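1. structure, please.
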Amino acid sequence: MLQGYIPVLVVLMVASVVAVAPLVLGYLIGPRHPDKEKRSPYECGFDPFEDARLRFDVRYYLVAILFIIFDLEIAFLFPWAVALEDLGLAGMAVMGVFLAILVIGFVYEWRKGALEWE
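-> Numbers count the residues shown, from 1 in each chain. Below is the predicted model:
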């Protein structure tokens, strides 16, 4: 009865070996010559200018949220477009309401200046 799971178990074992073997080999045979320069912080070839714990401007988060919203919109549009023929006019109306709500949110962020950088 459990013989059907043997291929799955073999794939999991092979995947585990492929994932862990390079890490172990790199640790065992990799060169280790730490010095002050290798342990120092590195930022684009320069010493860091300021502390790494600076607060980001809130507009950065607004643009990130806007990107996620419109990325999800596209993810919802693909299955809708595939099933549009079966959904009919009701599916078109529901998607129109969905898109209208997203456009309202986009216009709101645009008017608030979330998309403008100084």
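2. the helices in this structure, which residues?
-> 6-29, 36-39, 58-82, 84-112 (DSSP state H).
3. next one: the second one to chain centre, how far?
-> Averaging C-alpha coordinates over helix 36-39 and over its chain gives two centres that are 31 Å apart (CA atoms, centre = their mean, to the nearest Å).
4. repeat that for stretch 19-38.
-> Relative to its chain's centre, stretch 19-38 lies at 28 Å (CA atoms, centre = their mean).
5. kindly report the same for stretch 77-95.
-> 27 Å.
6. if we can go back for a sec, by mean pLDDT, show me the worst of the helices of the chain.
-> Mean pLDDT across the helices of the chain is lowest at helix 36-39; the value there is a mean of 76.
7. what residue is smack in the middle of this structure?
-> By CA atoms, centre = their mean, the chain has its centre lying nearest to Ile68, at 8.9 Å.
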